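> here are the coordinates; sequence isn't available:
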């Protein structure tokens with residue numbers, strides 16, 4: 001008689017064999033005769049009978065295999081989560097500030113003496129609720145207490161003053177768009193970097209804008225460097241033909257704090273008031289999103305043939321978004337001068 005190895009039989013089939021064998025014995029057949037016809041060892045039928053008498057049919061059913069014991073316990077995973085989420089990698093003597101699977105693998109080896117592959121680390125990170133994300137960069141010089149105070153107290157005061165004066169609050173900022181700046185990716189044959197032909201000469205457009213807390217936007221474009229004179233020209237356009245006073249919140253750029261700009265502010269006799277954000281806190285300025293949209297999602301994905309073409313591209317993107325094509329502060333498409 002050939003003895004069968006139950007380990008080589010499908011789990012569901014083996015479950016059916018056990019149940020039928022026990023039912024045959026319960027029906028009056030000899031245990032040894034039954035097991036002999038099935039080809040299993042003599043002692044196996046008595047194991048099955050003992051299980052049946054102790055737990056019934058359910059005791060004969062297949063159970064999920066326990067699988068390999070995890071290398072990291074629940075406490076290990078909890079500690080790993082706290083280390084990744086709450087600690088800068090450089091504090092743990094890593095070279096880089098951003099976590100990679102390789103660095104997490106090294107961390108696991110250091111802390112728990114467990115070796116894992118990069119693929120296993122990726123699965124593990126997903127299991128504990130983490131995913132790869134693009135970080136927001138924040139200046140290490142930023143005073144977080146000052147930022148909190150500005151949001152909780154200073155901005156509240158500015159809004160109160162604006163309400164009392166019947167003024168509209170704007171956030172202002174500047175940026176530069178260059179013809180050689182590009183963003184985004186394109187599909188291409190693997191191993192062959194695609195080439196996008198564009199002009200070899202470099203052009204730039206300097207932009208100044210202000211966006212209100214209600215979403216209204218005003219902007220100006222120029223090829224000139226943004227000095228006090230150019231910025232004052234923008235301020236003049238900002239308050240031109242407005243019935244309400246304008247409260248403008250800016251960063252701490254030297255141009256914004258220049259003597260000339262302060263003198264112009266005073267000359268408006270309350271029609272324009274300038275306030276400042278805390279140092280190194282661009283995330284508080286919603287106008288930053290304007291330049292991200294313009295450069296990364298539009299101009300950075302286009303090609304330009306020259307300076308005037310770059311001007312037209314900028315104007316084409318900005319005007320439809322804010323739907324204000326007739327306001328006097330927008331660059332005239334018939335005249336490249338600041339008018």
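Nice, thanks for sending it over. Predicted model only: the values in this text are computed from it and were never measured. Numbers count the residues shown, from 1 in each chain.
> how does the protein divide up, domain by domain?
As given by automatic domain parsing, the domain ranges for the chain are 6-60, 74-127, 144-185+197-322.
> Could you look over those and pick the most buried one?
With neighbours defined as mean count of other Cβ atoms under 10 Å, these peak in mean count at domain 144-185+197-322, which reaches a mean of 16. Bear in mind the C-beta positions are built from the backbone N, C-alpha and C, glycine included.
> before we move on, back to that, same list, the domains of the chain, but as TSV with mean pLDDT and distance to residue 133 please.
As requested, those are exported to TSV (pLDDT from 0 to 100; distance: least, Cβ to Cβ, whole Å):
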stretch	mean pLDDT	distance to residue 133
domain 6-60	81	41
domain 74-127	84	10
domain 144-185+197-322	78	16
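> Look at residue 19 and tell me its secondary structure.
helix (DSSP: H, G, I helix; E, B strand; the rest coil).
> got a list of what it touches?
When contacts are counted by Cβ atoms under 8 Å, 6 or more residues apart in numbering, residue 19 is found next to 57, 60, 61.
> now, which of these sits nearest residue 69?
residue 61 (23.6 Å; Cβ to Cβ).
> The closest residue to that closest one other than its chain neighbours is in what secondary structure piece?
Excluding the flanking residues, the one nearest residue 61 by Cβ to Cβ, 6 or more residues apart in numbering is residue 15, at 5.5 Å. Per DSSP states H and E: residue 15 is located in helix 11-26.
> Tell me the helix or strand right after that helix.
Of the helices and strands lying after helix 11-26 in sequence (DSSP H and E), the nearest is helix 31-38.
> which secondary structure elements does the helix or strand containing residue 50 contact?
For residue 50, the host element (DSSP H and E) is helix 42-55. Packing partners of helix 42-55 (3 or more Cβ pairs under 8 Å, 6 or more residues apart in numbering; DSSP states H and E): helix 11-26, helix 31-38.
> In TSV, list these along with distance to residue 157.
Shown next, in TSV, are those (distance: least, Cβ to Cβ, whole Å):
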stretch	distance to residue 157
helix 11-26	71
helix 31-38	87
